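Visitor: got a predicted structure plus its sequence, pasted below:
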Amino acid sequence: MKLFGYEEGNDEQKTPIQLSEASILASPGELRAIAKVLAELASEMEGDGFDHAHLTDRLPSLAGGPELIVVKVR
């Protein structure tokens, strides 16, 4: 697993940087919802045709915050 990201507020950053650490600041309910979606995505990855998914597409209640994108390793 690798983590990548953009610095908040840095509009000049063209490509994501690799992160050595990431923190999630969430409520217990948000964390449970994220965990459920991640488990569903893991199952979808086992099939053909999965490329990537945006967490906010599955959890619209998280829109407006940072975007978490899950990408299948090739």
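Guide: All right, it came through fine.
Visitor: switch to C-alpha atoms for all contacts and neighbour counts from now on
Guide: OK.
Visitor: Provide the contact partners of stretch 42-52 at residue level.
Guide: 69-72 (C-alpha atoms under 8 Å, 6 or more residues apart in numbering).
Visitor: which parts of the protein are helices?
Guide: Remark: helices assigned in the chain by DSSP state H are 28-45, 55-58.
Visitor: ok, which of those helices comes nearest Gly65?
Guide: Across the helices of the chain, Gly65 has its closest neighbour in helix 55-58 (9.0 Å, C-alpha to C-alpha).
Visitor: check which residues of the closest one are buried.
Guide: Of the residues in helix 55-58, 55-56 count as buried by neighbour count, 16 or more other C-alpha atoms under 10 Å.
Visitor: mind giving me the packing neighbours of that helix?
Guide: With contacts defined as 3 or more C-alpha pairs under 8 Å, 6 or more residues apart in numbering; DSSP states H and E, helix 55-58 has these neighbours: helix 28-45.
Visitor: contact partners for the closest residue to Leu55 other than its chain neighbours?
Guide: Nearest residue to Leu55 in three dimensions, chain neighbours excluded: Leu68, at 5.5 Å (C-alpha to C-alpha, 6 or more residues apart in numbering). By C-alpha under 8 Å, 6+ apart, the residues touching Leu68 are 54-56.
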